[in-house]
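J.: curious how this folds, go ahead:
(one chain, ligands or ions: 2)
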Amino acid sequence: MRIQVNARNRGYDFEALPGEKVLYAGLRAGIDLPYECATGTCGTCKATLMSGRVRDGWPEAPGKKFVKPAANEFLMCQCAAEEALTLEVSKFVYPVETGACVPQKAVGTLRKPRMLTHDVMGFALEFEEPREFDAGQFVLLACEGIAGYRGYSMCNFARGGRSLDFVVKRKPDGGFCDWLFGGKRDGARVETFGPLGKATFDPALGKNVLLIAGGSGIAGMMSILVRAQEARYFERHRGWLFFGVRTLRDAFFLDELSRFSNVDITVALSEEVAPAKTPWPKLRFETGLVHEVAKRAMAGKYQDLRAYVAGPPPAVDAAIRVLLLEAKLTTDNIRYDKYT
Ligand SMILES: Cc1cc2nc3c(=O)[nH]c(=O)nc-3n(C[C@H](O)[C@H](O)[C@H](O)COP(=O)(O)OP(=O)(O)OC[C@H]3O[C@@H](n4cnc5c(N)ncnc54)[C@H](O)[C@@H]3O)c2cc1C
Ligand code: FES
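T.: Ligands and ions are numbered 1, 2, ... in the order given. Next up, the predicted model:
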């Protein structure tokens, strides 16, 4: 199915497979169409249908509140072409940068599922072919019997690697989470599409790095830390990580975090007083919401800085406010993923 997209700066055309969502077909063709969640919640992938017909795969998607159906607007991440389409996108759209990883579909085998806390599970997906991605990216996962994709950030980093590692915080009554936590999933087949996301870190950045993670938002930060450690980045630049959880019982990866060198790591506990002594002497423990703890610790240290933020939307929004109003960072130096 032929799809023509007219963006603010220029036009593109590409082919979509039968039933393939417009966004995924465009990204697969190397066109950096606008998106954030890629799963129907944020509204960023809104486009206007000028000709042709689309099938909406999820008419109740929360992101629909950002579109005006009467003006022929629709979500590219939820709609597939039923015939040749012409669309308008009100944003500037560019081809994906040379050398960037172009997303594609692949099926992986779930391995090593293990509980990291009472409601957080870690697991790996193993592939037959290498799966390239940039540190900080995510993929979409789908399993049999559950409609639609879910976004999950990789927590490892390895060029040419065949394994992607994930951490999943259980969402009460969530379809994918009930599937994952509800049975023996070792060996299950999981469909993926990716890599996706622009909150990426590359050692060519040449700036100090501030990482702020709420809960499972630590996933992408682990990938960034692994990449930075491998390039000995923090021998030349400063690095800070603030990891927010409710209580010590909700924290995980503390042994792994203790192994990174030259990075200042603080665990912020929002619902209990931080203990004076812990089994992780290299980590600092503070009391408070993660954005408040970061704001206190970072005062006067915002020069030459790129910040990365991930986690639940309220935690991300609060951290972004601090980065804009206190740190006065430009939007290009604030990269984030909202775990909607
Ligand atoms: C960029 C990004 C990265 C993320 N990374 C992580 C991470 O590393 N770890 C983590 O714990 N969480 C992460 N999340 C959050 C995670 O994606 C959600 O917690 C997850 O979607 C919950 O899925 P569920 O099926 O359990 O919940 P549900 O409430 O059943 O579904 C949640 C989501 O699934 C999709 N969906 C539901 N029904 C349909 C349908 N009928 N058709 C199409 N789509 C549907 C929608 O996107 C919906 O918001 C991330 C989110 C994003 C956007
Ligand atoms: S990218 Fe489509 S709704 Fe978020």
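J.: part of a strand, is A106?
T.: Yes: residue state for A106 (DSSP: H, G, I helix; E, B strand; the rest coil) corresponds to a strand.
J.: got the residues of the chain near ligand 2?
T.: Contacts of the chain with ligand 2, taken as CB under 6 Å from any ligand atom, map to 35-38, 40-45, 63, 75, 77. Where you see a C-beta, it was placed from the backbone N, CA and C, and this is true even at glycine.
J.: again, only this time at 5 Å
T.: Y35, E36, C37, A38, G40, C42, T44, C45, G63, L75, C77 (CB under 5 Å from any ligand atom).
J.: what's next to stretch 103-113, contact-wise?
T.: 24, 27-28, 121-127, 129, 131, 163-164, 180, 185-196 (CB atoms under 8 Å, 6 or more residues apart in numbering).
J.: one more time with 7 Å, if that's ok
T.: 27-28, 121, 123-127, 129, 131, 164, 185-196 (CB atoms under 7 Å, 6 or more residues apart in numbering).
J.: please apply the same query to stretch 12-23.
T.: The set of residues external to stretch 12-23 that reach it, using CB under 7 Å, 6+ apart, is 1-5, 25-26, 29, 31, 33, 35, 38, 45, 57, 76-81, 93.
J.: picking that back up, so which of the residues of the chain next to ligand 2 is the most crowded?
T.: Most neighbours among these, by other CB atoms under 10 Å: C77, with 30 neighbours.
J.: nearest residue to that residue in space, please, no chain neighbours.
T.: Distances taken as CB to CB, 6 or more residues apart in numbering place L23 nearest to C77, at 4.3 Å, with adjacent residues excluded.
J.: tell me the secondary structure at the one you found.
T.: Taking three-state DSSP, the label given to L23 is helix.
J.: which parts of the stretch 201-340 of the chain are helices?
T.: 218-230, 254-258, 290-298, 313-325 (DSSP state H, counting those that start in this stretch).
J.: enumerate the residues of the stretch 151-300 of the chain near ligand 1.
T.: Counting by CB under 5 Å from any ligand atom, the stretch 151-300 of the chain comes close to ligand 1 at G151, Y152, S153, V168, K169, K171, G174, G175, F176, C177, S216, A219.
J.: let's see if you can find the most crowded of those residues.
T.: S153 (30 neighbours).
J.: and it, what does it touch?
T.: Each residue near S153 by CB under 7 Å, 6+ apart is listed here: F138, A219, G220, A310, D337.
J.: the last one bridge partners, please.
T.: What it means is D337. Beta bridges link D337 to A310 when assigned by DSSP bridges.
J.: who's in contact with it?
T.: Here D337 is in contact with F138, S153, G197, A199, G220, A310 (CB under 7 Å, 6+ apart).
J.: circling back to that earlier point, separate out the buried members of the contacts of stretch 103-113.
T.: Neighbour-count burial (16 or more other CB atoms under 10 Å) is assigned, among the contacts of stretch 103-113, to 27-28, 121, 123-125, 131, 164, 185, 188, 190, 192-196.
J.: okay, and which of those residues map to strands?
T.: Secondary structure assignment by DSSP state E places M121, F123, A124, L125, L164, V190, T192, F193, G194, P195, L196 of these in strands.
J.: format the helices of the stretch 201-340 of the chain as TSV; extra columns: mean pLDDT.
T.: Listed next are the helices of the stretch 201-340 of the chain as TSV, based on pLDDT from 0 to 100:
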stretch	mean pLDDT
helix 218-230	98
helix 254-258	98
helix 290-298	98
helix 313-325	97
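J.: okay, those helices, which one's buried deepest?
T.: Compared across the helices of the stretch 201-340 of the chain, helix 218-230 shows the largest average neighbour count, a mean of 25 (mean count of other CB atoms under 10 Å).
J.: pull the CA atoms of that one into PDB?
T.: What follows is helix 218-230, C-alpha atoms only, in PDB (Å, rounded to 0.1, in the frame of the first residue of the first chain):
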ATOM      1  CA  ILE A 218      16.200   3.100  35.600                       C
ATOM      2  CA  ALA A 219      16.100   0.700  32.600                       C
ATOM      3  CA  GLY A 220      17.300   3.100  29.900                       C
ATOM      4  CA  MET A 221      19.700   4.700  32.400                       C
ATOM      5  CA  MET A 222      21.400   1.300  33.000                       C
ATOM      6  CA  SER A 223      22.000   1.100  29.200                       C
ATOM      7  CA  ILE A 224      23.500   4.600  29.100                       C
ATOM      8  CA  LEU A 225      25.700   3.800  32.100                       C
ATOM      9  CA  VAL A 226      27.000   0.600  30.400                       C
ATOM     10  CA  ARG A 227      27.700   2.500  27.200                       C
ATOM     11  CA  ALA A 228      29.500   5.300  29.100                       C
ATOM     12  CA  GLN A 229      31.500   2.900  31.200                       C
ATOM     13  CA  GLU A 230      32.600   1.000  28.100                       C
END
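J.: mind listing residues that contact that helix?
T.: Where contact means CB under 7 Å, 6+ apart, the residues beyond helix 218-230 that reach it are 135-136, 138, 153-157, 166-167, 199, 201, 203, 209, 211, 213, 234, 239, 241, 243, 253, 256, 260, 263, 308, 310, 337.
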